[in-house]
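> Provided below for reference: sequence and predicted model.
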Amino acid sequence: MKIKVAAIQMNCELANVDANLAKAEALLKEAVEKGAKWVIFPELFNTAYWIPKQDVELAEDIPDGRTTQWMIEQAKKYQILVSGCILATTPNKGIITDTALTVNENGVMGTYDKVHLWDNEELRFQNGSKVPAPINYGDLHIGMQICYEIGFPDISRLMVLKGANVIIYPAAFGRARYYVWDIQSKARALENGIYVIAVNRAGVDDNTVFLGGHSRIVAPNGDVLCEAGRDEDAVLVAEIDIDKCTEARRTVPYLRDLNKALVKSEWEKI
């Protein structure tokens, strides 16, 4: 299976859902014009990231909230998959999560609540408590993690052992830790024989600089197929070929040689 994928790098306006969805729609249209059949947006693309005092106000229900419905509308209009990451909440707004989701024209295909929270996110969000099975779309088996979690290989490996052959990382990754983003995005692809679609923010939220940018699509052998610059909105489009996952896993057979029984027994001792 081959599919053209678009990683959308964008600056976002703090708490301005109208402006952010308008920009996202224009960038999505550009991606579709370039042939993309799956479009992925960064972490909290609809609200921007640094809005702790407005988390409750701006968190939305999935699937009935505004942004999820907007994503589904775009999927219907263009017959594509759309992924992104938003502040999600229960109907009574009792719990807020940092949640990635993927939709198609029929609705929400799957969600993932951020498990490993960065810094003071534990004061804002409830962390996720499960590693869901991949989202299946033909031969495409999609895993989702969020931002900081690109540095947690145990969760990505669990997703791959459950069948994932591509993992997306919607992110708001700061410039100061670009070196982490650079190394880990390649490592997650290479060690698992998967495609990694790492979709980062651009711009500035309050005092947080997202000029790290450098959204990228990484092949199963660790090669960077395409990459955005540091401080710009960008639409990256690349064709991914799932057969390349099998090829990479045969060339460097980490999954074949993994001693799952030993790893399981040692983890249980910790």
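All right, it came through fine. Residues are numbered from 1 along each chain as shown.

> any idea which helix or strand comes after the helix or strand of the chain at the bottom of the mean pLDDT ranking?
When the helices and strands of the chain are scored by mean pLDDT, DSSP states H and E, strand 208-209 comes last with a mean of 66. Sequence-wise, the next helix or strand downstream of strand 208-209 (DSSP states H and E) is strand 216-218.

> Give the pairing partners of that following strand; include direction for each.
Next to strand 216-218 in the sheet, as set by DSSP bridges, lie strand 195-199 (antiparallel), strand 224-227 (antiparallel).

> Check residue 91 and give its pLDDT.
Looking at residue 91, its pLDDT stands at 73.

> ok, now residue 211?
On the pLDDT scale, residue 211 gets 61.

> How about the one 3 residues further on?
On pLDDT, residue 214 comes in at 92.

> And it, how close does it get to residue 56?
According to CB to CB, to the nearest Å, residue 214 and residue 56 sit 32 Å apart. (Glycine included, C-beta is placed from N, CA and C.)

> Could you check which of those two is surrounded by more residues?
In terms of neighbours (other CB atoms under 10 Å), residue 214 is the more surrounded of residue 214 and residue 56; the figures are 22 against 13.

> That one contacts residue 231, doesn't it?
No: counting by CB atoms under 8 Å, residue 231 is not a contact partner of residue 214; they are 10.0 Å apart.

> what ranges do the helices span in the chain?
For the chain, the helices defined by DSSP state H occupy 17-33, 55-58, 66-78, 153-161, 178-192, 243-251, 254-257, 260-269.

> Next, the buried residues of the fifth one.
Buried residues in helix 178-192, counting neighbours by 16 or more other CB atoms under 10 Å, are found at 178, 181-182, 184-192.

> any chance of the residues you listed in a markdown table, with distance to residue 35 too?
Below are the buried residues of helix 178-192 laid out as a markdown table (distance: CB to CB, whole Å):
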| residue | distance to residue 35 |
| --- | --- |
| 178 | 29 |
| 181 | 26 |
| 182 | 27 |
| 184 | 28 |
| 185 | 23 |
| 186 | 25 |
| 187 | 29 |
| 188 | 26 |
| 189 | 22 |
| 190 | 27 |
| 191 | 30 |
| 192 | 26 |
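
> ok so, going back, residue 121 is nearest to which of the helices of the chain?
Comparison of the helices of the chain against residue 121 by CB to CB identifies helix 55-58 as nearest, at 10.2 Å.
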